[in-house]
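A.B. asks: make a model of this:
(one chain, ligands or ions: 1)
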Amino acid sequence: MEVITKIADLQKKIADVRTGGNIIGMVPTMGALHNGHLQLVKRCVAENDCCVVSIFVNPTQFNDKNDLLHYPRTLEADCKLLESVGCTFVFAPEVEEMYPVEDTRVFDLGTVAEVMEGKYRPGHFNGVAQIVSKLFDVVKPDRAYFGEKDFQQIAVIRSMVKLLNSPVEIVACPIVREEDGMALSSRNVRLTPGQRKNAIGISQTLFKSRTFAERHTVIETVEYVISTLNAIPDLEVEYFEIVDGNTLLPVDNWNDSAYIVGCITVYCGEVRLIDNIAYRR
Ligand code: AMP
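C.D. replies: Have a look, this model is predicted:
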């Protein structure tokens with residue numbers, strides 16, 4: 001495994017790999033890697049000849065400067081983990097390498113980028129599209145792997161590749177959870193032990209809501225999840241929406257779509273956590 005920080009160096013290596021007719025897979029990350037990331041990387045390694053993992057805390061996707069400041073950075077440990085699962089290249093550039101000039105591009109990503117996270121984190125998905133499009137331009141992967149933990153992000157990336165006529169195949173991978181059900185996230189390390197205990201309520205309530213949904217309406221289920229979580233100390237729901245899994249628009253009835261997902265964002269103290277659950281798939 002090689003760790004590369006310059007675009008030109010990575011491009012040279014990738015060109016060599018390509019001449020052998022090899023298939024290239026890529027996993028974009030912001031580092032502070034955990035088992036959720038590693039499942040994406042393992043799949044990328046298994047399905048491609050060459051696996052490129054990028055580690056870059058992208059400033060343009062943070063609408064909260066405090067969040068950017070506190071985002072964990074653990075490059076050395078990340079590289080050890082990546083080596084152990086067979087990654088070929090780690091691309092870990094500095095900010096100036098990815099943004100030699102300010103990126104002023106505005107992407108029209110449609111309604112999938114405007115609802116939910118789009119509403120509460122203005123500019124976030126535009127920043128994601130800026131960095132992922134740059135990474136795709138550099139690596140030109142055949143496939144790119146994303147986690148369903150960031151459910152809306154996958155829809156946004158699919159919209160972006162369509163907009164840009166990009167030939168990259170987007171591969172969605174299931175959410176990886178702790179044994180107690182909590183979705184793995186780089187932000188979990190910022191929780192105090194007490195907050196971490198209370199945060200279990202998020203996934204537990206989502207799981208329980210599946211049973212609740214069998215005998216209740218969509219709106220009753222939304223209310224059940226929000227009121228249950230807001231009653232737990234440390235937790236405050238920012239939004240919970242039950243949406244069509246493709247359009248991300250809210251559904252009124254369980255029969256409105258064959259693919260229905262509940263997407264949630266909860267503040268646990270100052271830490272913003274997201275999760276989601278499929279009701280119909
Ligand atoms: P991040 O480093 O948070 O930008 O995440 C990089 C990639 O890993 C994204 O595609 C995430 O959706 C994915 N990811 C993060 N946490 C998980 C998880 N618990 N399960 C599955 N994928 C995840």
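
A.B. asks: name the residues that touch stretch 232-249?
C.D. replies: The contact list for stretch 232-249 (C-beta atoms under 8 Å, 6 or more residues apart in numbering) reads 111-112, 115-116, 119-120, 152, 155, 194-195, 198-199, 201-202, 218, 221-222, 225-226, 229-230, 250-251, 256-257, 259-269, 272, 278-279, 281. The way it works is simple: take the backbone N, C-alpha and C, and place the C-beta from them, glycine included.

A.B. asks: going by proximity to the ligand, name the top residue of this protein.
C.D. replies: Using C-beta to the nearest ligand atom, the point where the chain gets nearest to the ligand is residue 147, with a distance of 2.0 Å.

A.B. asks: what helix or strand is the closest residue in space to residue 277 that isn't next to it in sequence on?
C.D. replies: Closest residue to residue 277 apart from its sequence neighbours, by C-beta to C-beta, 6 or more residues apart in numbering: residue 206 at 4.2 Å. Secondary structure from DSSP states H and E places residue 206 in helix 193-215.

A.B. asks: list the buried residues of that helix.
C.D. replies: For helix 193-215, burial by neighbour count (16 or more other C-beta atoms under 10 Å) applies to 195-196, 198-199, 201-206, 209, 213.

A.B. asks: hmm, back to that, my read is that the residue of the chain closest to the ligand contacts residue 41, right?
C.D. replies: No - if you go by C-beta atoms under 8 Å, residue 147 and residue 41 don't touch, sitting 10.9 Å apart.

A.B. asks: so where do the helices sit in the stretch 1-150 of the chain?
C.D. replies: Along the stretch 1-150 of the chain, the segments classed as helices by DSSP state H, counting those that start in this stretch run 7-19, 35-47, 65-70, 75-84, 95-98, 117-120, 124-139.

A.B. asks: most neighbours per residue, which of those?
C.D. replies: Of all the helices of the stretch 1-150 of the chain, helix 124-139 has the most neighbours on average by mean count of other C-beta atoms under 10 Å, namely a mean of 21.
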